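Asks: Build me a model:
(4 chains)
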Number of protein chains: 4
Amino acid sequence: MFTSTTQIRVHYALTDQMGVVYHGRYAEFFEIGRSEAIRDLGFTYKDIEAMGVIMAVVEINIKYIRPIRYDDFINVKTTLTQLPTDHRVSFHSEIYSQDDQLLSKGIVTFYFLEAKNMQKTNMPEPLYNLLKGYF
Amino acid sequence: MFTSTTQIRVHYALTDQMGVVYHGRYAEFFEIGRSEAIRDLGFTYKDIEAMGVIMAVVEINIKYIRPIRYDDFINVKTTLTQLPTDHRVSFHSEIYSQDDQLLSKGIVTFYFLEAKNMQKTNMPEPLYNLLKGYF
Amino acid sequence: MFTSTTQIRVHYALTDQMGVVYHGRYAEFFEIGRSEAIRDLGFTYKDIEAMGVIMAVVEINIKYIRPIRYDDFINVKTTLTQLPTDHRVSFHSEIYSQDDQLLSKGIVTFYFLEAKNMQKTNMPEPLYNLLKGYF
Amino acid sequence: MFTSTTQIRVHYALTDQMGVVYHGRYAEFFEIGRSEAIRDLGFTYKDIEAMGVIMAVVEINIKYIRPIRYDDFINVKTTLTQLPTDHRVSFHSEIYSQDDQLLSKGIVTFYFLEAKNMQKTNMPEPLYNLLKGYF
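Replies: Numbering: from 1, shown residues only, chains lettered A, B, ... in the order given. The predicted model follows:
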């Protein structure tokens, strides 16, 4: 299992007139969490794109448990529960408050695609090699 | 069953550097579809809030089937498959291209809450009355 | 002078916890107005990009006169006061309420650039030809 | 003069299909810079709202000098060149790359308003007192 935690300060643009973060913006919290998780491995998503591979989202599921508000300083925990062995990868995300209450959790599933022809491909080997030690 | 279809022109701000609509923005397409569905009934979400009730998102699920691109003119079909009988309501959304290809589908689930104390409540009666003829 | 007016329904995602549209989102209203203005000419911004030309924003100025709120149905008026004769073009935008109150106005200035080398270029000739009759 | 610098990592959602940050999103960089500048003083914008005062944007001006790209780690420098003496305050923002190139600059002007009646008011005294030592 590979896990990484990132902190995000919630800025005003993310709120809506209900006084909480708009539900559509949670995908960005998860995105930031994934990016920083990959960076923790010594790789970046930018490196993946530079190798001619893109990660196309195929499904997202988000549960909204407690509201997230302006200026909250949240912890986004990103977990890879399984080492991908084909074109598919799922990241599990959980968002926690400063006092460790679970605010949201979600799963985002991607296909690795070759940018040049949009054909399915495997996780790039350098990333796979960095990850396999965790499983 | 109650169904309503809305057209949306995809503007540039919604795209990302992959050349497609960023996955987090689909929640907005669904939101616009729901708003217009309620308006088709002769009611608005603004009326709901004016009655002291808010609809808090508790879960969202989105499947990304084919990419949506800048300047696409998409049809968002919003369906209520069941008449809500308690504090819970789920909207089913499908996005179609101009040539009727399914691009995405999703489900967004809400709780009706009283704004003043955040307690669960039922769907406001005026909206319920407008809807019940469809079921 | 070339002028075009577009209507936009304000959706929830655009609001912030002040109960009004977040100031950063006005750029999107102007963008939609410009796109539809070009479409009114029988051309699209997508056509411009397909010709290998991009329009890079170099400056934006926005005045916020009266708040814009959720579910408002606004008119975005886009005006080209001068026919561009070099790589530079400025669009003037005004946003009006249904009862014709001025809510915001702004100017967005672009450079036409060749996508392949990011060198300044003139407005694509087909667009220039469609516009010159208005001046 | 009061100056504060904040670092921001550019996430994917901010990009558009031109491969750069969408021009409308720069307002968010400036917002984050201002928030952190106020926090550096030992105050927060949330405290201002808790005192019944809001800061309503009345004008924004942004110059786009060099593109900002995905995964860039930018420095946002926020400067108050004058101590506000009435309801009006202007923040000057500059965005720099890691190698200290100026990418963008802008000015955002606000009115301090009493939330309860939207009447103009002065900068809240606690914030004024923290700032005056810098001028």
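Asks: Can you get me a residue count around A:Q17?
Replies: Applying other CB atoms under 10 Å in any protein chain shown, we find 20 residues neighbouring A:Q17. C-betas here are computed from N, CA, C, even on glycine.
Asks: nearest residue to it other than its sequence neighbours?
Replies: Leaving out its chain neighbours, the residue that sits closest to A:Q17 by CB to CB, 6 or more residues apart in numbering or on different chains is C:T15, at 4.1 Å.
Asks: what does A:D72 give?
Replies: A:D72 sits nearest to A:V10 (CB to CB, 6+ apart), 4.6 Å away.
Asks: was I right about the one you found contacting A:I68?
Replies: Yes: using CB atoms under 8 Å, A:V10 is in contact with A:I68, at 6.1 Å.
Asks: any common contacting residues for the two?
Replies: A:V21, A:I74 (CB atoms under 8 Å, 6 or more residues apart in numbering or on different chains).
Asks: between the two, which one's more packed in?
Replies: With neighbours defined as other CB under 10 Å, A:V10 and A:I68 compare such that A:I68 has more, 23 against 19.
Asks: And the more buried one, how far from A:F29?
Replies: Noted for A:I68: a distance of 8 Å to A:F29, by CB to CB, to the nearest Å.
Asks: what does A:P84 give?
Replies: Per CB to CB, A:P84 is found 22 Å from A:F29.
Asks: Neighbour count for these two, which is higher?
Replies: Remark: of A:P84 and A:F29, A:F29 carries more neighbours, 25 against 16, as counted by other CB under 10 Å.
Asks: is it true that that one touches A:L103?
Replies: No: in terms of CB under 8 Å, A:F29 does not count as a neighbour of A:L103; the distance is 9.5 Å.
Asks: what is in contact with the two at once?
Replies: Applying CB under 8 Å, 6+ apart, one finds that A:F29 and A:L103 are jointly contacted by A:I74, A:I95.
Asks: what about stretch A:92-105, average pLDDT?
Replies: The predicted model assigns stretch A:92-105 a mean pLDDT of 98.
Asks: Stretch A:72-85 too?
Replies: 96.
Asks: First-to-last residue distance for stretch A:61-68?
Replies: From its first residue to its last, stretch A:61-68 covers 17 Å (CA to CA, to the nearest Å).
Asks: Tell me if it is near chain B.
Replies: Yes: using CB under 8 Å from any CB of the partner chain, stretch A:61-68 reaches chain B at A:N61, A:I62, A:K63, A:Y64, A:P67.
Asks: Inside strands: which ones of those residues?
Replies: Counting by DSSP state E, the residues of stretch A:61-68 next to chain B place A:N61, A:I62, A:K63, A:Y64 in strands.
Asks: Closest to the mean position in chain A, which residue would that be?
Replies: Nearest to the mean C-alpha position of chain A, by CA atoms, centre = their mean, lies A:R34 at 3.1 Å.
Asks: So it versus chain C, what's the distance?
Replies: Look at A:R34 and chain C: by CB to the nearest CB, to the nearest Å, they are 22 Å apart.
Asks: Tell me where chain A has strands.
Replies: Under the criterion DSSP E, strands of chain A are mapped to A:2-9, A:53-64, A:73-80, A:88-96, A:102-114.
Asks: Any chance of the ones you listed in JSON lines with mean neighbour count as columns?
Replies: Shown next, in JSON lines, are these (neighbours: other CB atoms under 10 Å in any protein chain shown):
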{"stretch": "strand A:2-9", "mean neighbour count": "16"}
{"stretch": "strand A:53-64", "mean neighbour count": "20"}
{"stretch": "strand A:73-80", "mean neighbour count": "19"}
{"stretch": "strand A:88-96", "mean neighbour count": "20"}
{"stretch": "strand A:102-114", "mean neighbour count": "19"}
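Asks: Which of those sits closest to C:E49?
Replies: strand A:53-64 (19.7 Å; CB to CB).
Asks: now the closest one against strand A:102-114, angle please.
Replies: 160 degrees (axes from the mean of the first three to the mean of the last three CA atoms, to 10 degrees).
Asks: what's stretch A:55-67 in contact with?
Replies: Stretch A:55-67 is contacted from outside by A:20-21, A:23, A:26-27, A:30, A:45, A:48, A:88-89, A:97, A:101-113, B:18, B:23, B:56-64, B:67, using CB under 8 Å, 6+ apart.
Asks: let's see it at 7 Å
Replies: A:20, A:23, A:26-27, A:48, A:101-113, B:23, B:57-64 (CB atoms under 7 Å, 6 or more residues apart in numbering or on different chains).
Asks: likewise stretch A:10-19?
Replies: By CB under 7 Å, 6+ apart, stretch A:10-19 touches A:21-22, A:25, A:68-72, A:74, B:54, C:12-13, C:15-17, C:19, C:22, C:24, C:70, D:28, D:31-32, D:35.
Asks: For ChimeraX, what selects the buried ones among those residues?
Replies: Typed into ChimeraX, the line below selects the buried ones among these, using 16 or more other CB atoms under 10 Å in any protein chain shown:
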select /A:21,22,25,68,69,70,71,72,74 /B:54 /C:12,13,15,16,17,22,24,70 /D:28,31,32,35
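Asks: how about A:T109, what does it touch?
Replies: A:V58, A:E59, A:R88, A:S90.
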